[in-house]
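Peer 1: Provided below are the primary sequence and the corresponding predicted coordinates.
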Amino acid sequence: MPAVVLVGPMGAGKSTVGALLASRLGVTLRDTDQDIAAAAGKSVQDIFVDEGEEHFRRVEEEAVAAALAEHDGVVSLGGGAVLADQTRILLKEHTVVYLRVGVADAVKRVGLGSGRPLLLGNVRGRIKALLEERAPIYESVATFVVDTDNRSAEDVADELVEKVRA
Ligand SMILES: Nc1ncnc2c1ncn2[C@@H]1O[C@H](COP(=O)(O)OP(=O)(O)OP(=O)(O)O)[C@@H](O)[C@H]1O
Ligand SMILES: O=C(O)C1=C[C@@H](O)[C@@H](O)[C@H](O)C1
Ligand SMILES: [Mg+2]
């Protein structure tokens, strides 16, 4: 069973904080976006373009179930993984951290020229809408919520180490 599962929107720092946290806990990070890209032999962005979001979500549900069943370290989920009913049910058995980020910091972190498929065309507007839509879902699966605005990834990882070890 994973020591901890990280959820939150794009730019929350799931991959970055996840890597730091894993190294501090002496375990490895498994990132479901990376698993999906590796299995498909192409980027998440290209999967969205070639096969569409619905296909990505089906593959993502399976990748998340596999990671939760197989990995003993830190698992970071894609930003939309919690949209799947099955994933929310599986997460009830785990220590889940919601990395919270506000619109301004999320936009800064993903960059206005982001290649992330769901942000194309209007990065700030799409991030604002996604944060509003999904905040209640992230909160509903979270064991802890950690704010990341105006903080370095190292600082967030330090807080997480304490929370996970407590
Ligand atoms: N607390 C932080 N402070 C400043 N920059 C950060 C912080 N956390 C992450 N970043 C930077 O923000 C960018 C996005 O972070 P990251 O890729 O870890 O987000 P993510 O939550 O995994 O997003 P996605 O859902 O798109 O995979 C990276 O360039 C990273 O270096
Ligand atoms: O928030 C989302 O829906 C996404 C976040 C990323 O992690 C990727 O899984 C993909 O870009 C979709
Ligand atoms: Mg990531």
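Peer 2: Happy to help now that I have it. Numbers count the residues shown, from 1 in each chain. Ligands and ions are numbered 1, 2, ... in the order given.
Peer 1: What are the buried residues along stretch 79-87?
Peer 2: When burial is assessed from 16 or more other CB atoms under 10 Å, stretch 79-87 yields the following buried residues: 79-82, 84, 87. Placement of C-beta: from N, CA and C, glycine included.
Peer 1: Kindly reformat those residues as TSV containing distance to ligand 3.
Peer 2: Conversion of the buried residues of stretch 79-87 to TSV gives the following (distance: CB to the ion, whole Å):
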residue	distance to ligand 3
Gly79	7
Gly80	11
Ala81	11
Val82	14
Ala84	17
Thr87	16
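Peer 1: Pick the one among those residues closest to Ala12.
Peer 2: Nearest to Ala12, judged by CB to CB, of those is Gly79 at 7.5 Å.
Peer 1: ok, Ile89 to Lys42 distance?
Peer 2: Using CB to CB, to the nearest Å, one gets 29 Å for the distance from Ile89 to Lys42.
Peer 1: These two - which one has more neighbours?
Peer 2: Lys42 (14 against 10; other CB atoms under 10 Å).
Peer 1: hang on, that one in a strand?
Peer 2: No - counting by DSSP: H, G, I helix; E, B strand; the rest coil, Lys42 is not part of a strand but coil.
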